[in-house]
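**Q** build me a structure from this.
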Amino acid sequence: MFISAIVGLVIAISGGLSFMANTALPGDILYPVKTGVNEKVWSAFAVSDESQAQVDIALANRRLDEARRLSAEGRLSAQTSAGLNADINQYVAEVTEITAKLSSAADAAASAEISASLDTVLEAQEQILGGLNVISPSDVTGGNTDDSTPPPDEEQPEDEKSGPGVLQGRVSIGPNCPVEIMGLDGGVAPCPGGMEINLTNYAVVAYSKTQNNTSKVGTVVAQMKLDAEGNYRMRLPAGSYLVRVEPHVGMGAADNDFREVTLTAAAGATLNFDLDTGIR
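**A** The predicted structure follows:
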């Protein structure tokens, strides 16, 4: 009887902590319960690829909401922002893999629905994490607020070395039809309709590099779909990446030539791609 009462009390306390943890933010004492217990249970109940993708998208939106709330409270440090961004990138990579699997399995409807939700997350990630106020170490310690560049021999704070950097650029793909198409009269006919290349069908994908061989590709860290003009902009944790242009959700052909880029929190990078379709 006594043991049963103790077990019941433990379950009640555990359940209460689990419930309260749902509103916890990074740095709060219950945040590990939120991410390490509650969210693990969510994933455990995802019995299909489609449901797992939905869970990953929900968790990505949770991280975005946490970033908003921390910024509003003045508690969003560069290190926390980078951590949330990395978590979101991991969810995006998992969902991207699932959409590709569903697309190849001829489940086009589910793939398209998940892809649309993923696009919303990517847009929100750029708008939210790209525009939030991130506090500096001096804001926390009350030290010197001079934001000038420190001398070369002065060690920069860890946040400045590991925070997110911006990778941006433009992609051009062409030509989209033979350079010269001969008409019946021997003249040059206009390019037929319907052959235009839709740049929004493509994305710039950043991969990690394997630890044993930096020239080999690791896992997907982040991807950003191109806009109609071929522009892209993504935030990544500081580090080195292998980047290329790929079809978005199985459309078109990929550029298999990887480009290496190194990002720091203080300075982003611009990487432009000029892809030749081979059409002549």
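
**Q** I'd like the average pLDDT over the longest helix along the chain.
**A** Using DSSP state H to define each element, the chain has its longest helix at helix 78-104. Mean per-residue pLDDT for helix 78-104: 81.

**Q** now for it, which elements pack on it?
**A** Judged by 3 or more C-beta pairs under 8 Å, 6 or more residues apart in numbering; DSSP states H and E, the packing partners of helix 78-104 are helix 49-72, helix 108-129, helix 158-162, strand 164-174, strand 217-225, strand 231-237. Using the backbone N, CA and C atoms, a C-beta is placed for each residue, glycine as well.

**Q** ok, 10 Å please
**A** On a contact count with 3 or more C-beta pairs under 10 Å, 6 or more residues apart in numbering; DSSP states H and E, helix 78-104 meets helix 49-72, helix 108-129, helix 158-162, strand 164-174, strand 202-209, strand 217-225, strand 231-237.

**Q** would you turn the ones you listed into JSON lines with mean pLDDT and mean neighbour count?
**A** Formatted as JSON lines, those follow (pLDDT from 0 to 100; neighbours: other C-beta atoms under 10 Å):
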{"stretch": "helix 49-72", "mean pLDDT": "88", "mean neighbour count": "19"}
{"stretch": "helix 108-129", "mean pLDDT": "75", "mean neighbour count": "17"}
{"stretch": "helix 158-162", "mean pLDDT": "44", "mean neighbour count": "16"}
{"stretch": "strand 164-174", "mean pLDDT": "80", "mean neighbour count": "18"}
{"stretch": "strand 202-209", "mean pLDDT": "81", "mean neighbour count": "22"}
{"stretch": "strand 217-225", "mean pLDDT": "72", "mean neighbour count": "19"}
{"stretch": "strand 231-237", "mean pLDDT": "78", "mean neighbour count": "21"}
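
**Q** the ones you listed: which one's closest to E39?
**A** Of all these, it is helix 49-72 that lies closest to E39, at 6.0 Å by C-beta to C-beta.

**Q** what angle separates the closest one from helix 78-104?
**A** Here helix 49-72 points in a direction 160 degrees away from that of helix 78-104 (axes from the mean of the first three to the mean of the last three C-alpha atoms, to 10 degrees).
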